[in-house]
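>>> what's the 3D shape of this:
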Amino acid sequence: MPRRKSVDVSLDGLAGKLGAVIFSESPGFLCVLPQDIHESILGRGNSVAEAVNNWDEKLKAHLRNSTTGDPVVDYVQKILSSTTPDHVQSFYDQFYPVRKKQ
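The predicted model follows:
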């Protein structure tokens, strides 16, 4: 198998929150979760956006059809339970500003 080159790109949405990684592979791009490439969801596309969209659809299908103890489901639950949603964080930032200690 040819060596894949990692692409340094900032991802938004679910792919960004879960830490998905983009690789360049001729003739397109791959999007995978970083924890275990052999147990991961793989999205392919001719562009980074297509690869992420393909990955997103495959992740949704995998989560719908998964069983108990699935490593992908466990990883997603662990990451999402430890993050604050953007709209909640925005509320916190607006109404609970950080106070500097004197």
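
>>> Can you show me the helices along the chain?
For the chain, the helices defined by DSSP state H occupy 13-18, 48-65, 71-81, 86-95.

>>> Need the residues that contact the worst-scoring helix or strand of the chain on mean pLDDT.
Across the helices and strands of the chain, mean confidence by mean pLDDT, DSSP states H and E is lowest for helix 86-95: a mean of 76. Residues outside helix 86-95 that contact it (CB atoms under 8 Å, 6 or more residues apart in numbering) are Thr84. All C-beta spots, glycine's among them, are computed from the backbone N, C-alpha and C.

>>> just how off-centre is that helix within its chain?
22 Å (CA atoms, centre = their mean, to the nearest Å).

>>> what do you get for stretch 25-32?
15 Å.

>>> contacts for that stretch?
2, 4-5, 7, 15, 20-24, 40-48, 50-52, 54-55.

>>> Enumerate the positions of the least confident helix or strand of the chain that are buried.
Neighbour counts over helix 86-95 (16 or more other CB atoms under 10 Å) mark no residue as buried.
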